[in-house]
Structures are given as C-alpha cells and as structure tokens.
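> What shape does this take:
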Amino acid sequence: MTTRAIVKDAARDTVRGDPRVAALVAHFETVANGAMRDMPVVNRALRVEAIGFAPMPGDAGARGAWFAMLITPWSMNLLWLPGAMRDSVQCPRPAGKACLRVGNVDFEWIGAHAQDVGAYACCSLFSPMFEFAGQESAAATARAVLAQLRGREAGAKGDGKAVASSASRRAFLLRPGAFGSAA
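Presented below is the predicted three-dimensional model:
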C-alpha cells in the first residue's frame with residue numbers, strides 16, 4: 001500500500017474528515033523516511049498507519065477530541081487530537097504530560113506538535129515493534145486495544161474481568177483475554 005493510500009484510509013476513518021489525521025500520517029511518514037529510516041529500533045516489516053480515529057470515548061475530560069491508534073515501524077501509540085472545546089483536561093504542551101482516563105484506564109499522555117496538525121498527545125503502548133511479524137498483526141493488536149477501551153465506555157466487560165481504575169497500561173494490555181486471538 002502506498003503512503004497516499006494510507007493517508008486516504010486515515011482520513012476516511014474520521015467521522016468528519018478532520019484534515020489533521022491525514023497531516024499526522026504524512027508527518028510520521030516523513031519521519032519514517034527521514035530521521036528514523038536507518039535506526040536500529042525500526043521494524044522494516046511495518047509502515048505508518050492510523051487506525052480507528054473517532055471521538056474520544058465517554059466523559060474522558062476531553063469532549064470533542066479525537067482518539068485513535070498510530071502504528072509506526074518503531075512504536076504503537078494511542079493518539080489524542082484535541083477538540084475545539086475547552087475542557088477539564090487540556091492536551092499537554094510539547095514534551096509536557098497529562099493524565100487522561102479512557103474507559104476505565106488512566107493513561108499518561110505526552111504532548112507534541114506538528115505542522116498542519118497542531119497540538120496532539122501520544123501514549124506509547126509498544127516500542128520497539130519487533131514482536132510484530134508484519135502490518136496485519138500490528139493492526140489487529142491496535143484494533144483489539146481500541147475495542148477494549150471503547151467497550152469499557154459502554155460498561156462492557158469483554159472477557160468478564162473489570163479493569164481497575166488505577167490499572168497501568170501494561171496491566172491493561174497483558175491481562176488474560178485482553179486481545180482474544182488478535183495478538
């Protein structure tokens with residue numbers, strides 16, 4: 001799949017076609033083809049892909065914000081693109097940190113900024129990405145994590161085990177049945 005197709009898919013995933021999504025993918029493609037190209041942490045079987053952009057689930061304290069997963073050849077991050085509304089939890093400034101609950105899990109987010117995107121924040125879930133054989137397994141894992149987080153909003157219990165409100169992201173990801181057969 002070409003970069004153009006990935007950007008097109010990312011833009012199509014948005015509810016309102018927010019142009020920041022395509023710009024974010026393009027930004028990380030530039031990084032992948034530039035500064036990260038020869039780094040030893042790069043899994044060459046992977047490419048940049050944005051998955052599942054949708055409004056932030058529930059009362060996450062960031063109404064109007066977008067929430068998704070970004071796969072790169074060196075990391076998999078939850079992404080938070082702030083909305084237009086001022087809210088109780090502001091997207092952190094670049095290199096700043098903020099705690100934001102998604103579903104029943106508190107995540108620590110690190111702020112960033114990119115041209116044509118503006119402010120956004122990331123929460124790293126996997127880095128480096130060598131445990132993924134290819135794009136399909138990384139994308140399946142990303143979709144499974146998003147399903148778990150979004151399912152929590154509606155009170156779904158997934159495998160019947162609740163996630164404690166103070167659970168770490170590692171505990172959330174590694175608990176039995178977290179991914180079913182996707183991982």
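
> can you pull the contacts of the residue lying closest to Phe107 once chain neighbours are set aside?
Nearest residue to Phe107, sequence neighbours excluded (Cβ to Cβ, 6 or more residues apart in numbering): Cys123, at 4.5 Å. Yep, even glycine has a C-beta here, placed from its N, CA and C like the rest. Residues counted as contacts of Cys123 (Cβ atoms under 8 Å, 6 or more residues apart in numbering) are Asn77, Leu78, Trp80, Phe107, Glu108, Trp109, Ile110, Arg169.

> The fifth one: which element?
Spelled out, it's Glu108. Following DSSP states H and E, one finds Glu108 within strand 105-114.

> And the helices in this protein, which stretches?
Shown for the chain, the helices assigned by DSSP state H span residues 3-13, 19-33, 135-153, 169-174.

> Show me where the chain dips below the pLDDT cut-off.
Residues of the chain meeting the criterion pLDDT under 70: 1-17, 57-63, 84-88, 152-183.

> I'd say Gly83 and Gln90 touch.
No. Between Gly83 and Gln90 there is no contact under Cβ atoms under 8 Å: 10.9 Å.

> wait, what's in contact with the residue lying closest to Ala95 once chain neighbours are set aside?
Nearest non-adjacent residue to Ala95, counting by Cβ to Cβ, 6+ apart: Gly111, 6.4 Å away. Counting by Cβ under 8 Å, 6+ apart, Gly111 makes contact with Cys91, Pro92, Arg93, Pro94, Ala95, Gly96, Lys97, Ala98, Ala119, Tyr120, Ala121.

> Quickly list what Gly111 is bridged to.
Pro94, Ala121 (DSSP bridges).

> separation between it and Val89?
The gap separating Gly111 from Val89 is 12 Å, by Cβ to Cβ, to the nearest Å.

> what's the answer for Trp74, then?
Counting by Cβ to Cβ - Trp74 and Val89 are separated by 27 Å.

> now, which of the contacts of Gly111 sits nearest Ala147?
Checking the contacts of Gly111 against Ala147 by Cβ to Cβ gives Ala121 as the nearest, at 21.1 Å.

> you'd agree the closest one is up against Ala98?
Yes. Judged on Cβ under 8 Å, Ala121 makes contact with Ala98 at a distance of 6.7 Å.

> These two: who's more crowded?
Taking neighbours as other Cβ atoms under 10 Å, Ala121 and Ala98 compare with Ala121 leading, 29 against 19.

> and the contacts of Cys123, which two are the farthest apart?
The most widely separated members of those are Trp80 and Arg169, with 13.7 Å between them, by Cβ to Cβ.

> The two: which has the busier surroundings?
Using other Cβ under 10 Å as the criterion, Trp80 and Arg169 rank with Trp80 on top: 27 against 17.

> Who is the more buried one paired with across the strands?
Bridge pairing for Trp80 - DSSP bridges - gives Phe67, Ala121.
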